[in-house]
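Colleague: Output the structure for:
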Amino acid sequence: MYDEVKELILTCDLPGGEMISEGEIADRCEVSRTPVREAFLRLAAEGWMRLYPKKGALIVPIGEREAREVLDARVLVESHAVESVVDDPAAVADLAGRLDDNLARHRAAGSADPAEFARLDAEFHQLIVAAGRNGLLADFYTSLGERHRRMTADRLRRDGDVTGRILDDHAELAEVLRAADGERFAWLLRSHLAGVHGTDGVHGNDGVHGADGAVR
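Modeller: Numbering: from 1, shown residues only. I've put the predicted structure just below:
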């Protein structure tokens, strides 16, 4: 049950700021309240929810500080990965091919399947990090994956037209990578992430929310 509810949060089927109850999720998933209660407790411990006795659970919105920190970390790790391969033509060609394959599947998903689009968006960037052949950084980046997916899903939920920009940006990033231009890649990556996930597009803030979702 934990995995099912968490997936609903990551895909924004349960969007940030929404109040839900154990009964609603139990009915939706056709299970008893006991596994739902256990899932809520675990998700609250991980920071995805805030529990309010006799009122329900608040899905914690994506805060501006969280978004900025995730984006900064992504730029640092991805740029480092590209710098580590640009002097290896074989590695560059292999990564470019993998990115081309991802882009083909990404375009096929389009805006019709936001959850799959968000998953492929995360995969595109994970392929770049994996090519850097630094296990510690790859593991760290993987730990950002859930936050990355949720941020993309939230952006798609609020603006389905952003899919076009993401695809265009990814195509340009792949071409710059193919040209082995690490400096321009870093600049384009920062521009891409700021344009898609900039603080003007972040849903929520860093305030403490009450059970009604209002900032206190």
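
Colleague: rest of the way, CA atoms for contacts and neighbours
Modeller: Will do.

Colleague: Flag the shaky bits of this structure, pLDDT-wise.
Modeller: Residues of the chain that meet the criterion pLDDT under 70 lie in 198-216.

Colleague: Following the chain onward from the helix or strand containing Arg65, which element is next?
Modeller: In this assignment (DSSP states H and E), Arg65 forms part of helix 64-83. The element immediately downstream of helix 64-83 (helix or strand, assigned by DSSP H and E) is helix 89-109.

Colleague: That following helix vs helix 64-83, what angle?
Modeller: Calculated by axes from the mean of the first three to the mean of the last three CA atoms, to 10 degrees, helix 89-109 forms an angle of 140 degrees with helix 64-83.

Colleague: Tell me which stretches of the protein form strands.
Modeller: 19-20, 49-52, 56-59 (DSSP state E).

Colleague: List the buried residues of the longest helix along the chain.
Modeller: Longest helix in the chain, counting residues (DSSP state H): helix 135-158. For helix 135-158, a neighbour-count test (16 or more other CA atoms under 10 Å) marks 137-138, 141-142, 144-157 as buried.

Colleague: Next, the distance between the ends of stretch 12-19.
Modeller: Length of stretch 12-19, first residue to last, CA to CA, to the nearest Å: 13 Å.

Colleague: swap that for stretch 25-33, sorry
Modeller: In stretch 25-33, first residue to last residue: 8 Å (CA to CA).

Colleague: thinking again about what came up before, orientation of the helix holding Arg65 relative to helix 135-158 in degrees?
Modeller: Going by the same axes, to 10 degrees, helix 64-83 makes 130 degrees with helix 135-158.

Colleague: Buried residues of helix 64-83, list them for me.
Modeller: Quick answer for helix 64-83 (16+ other CA under 10 Å): 64, 67-68, 70-71, 74-75, 77-83.

Colleague: Which one of these is nearest to Leu193?
Modeller: Leu71 (6.7 Å; CA to CA).
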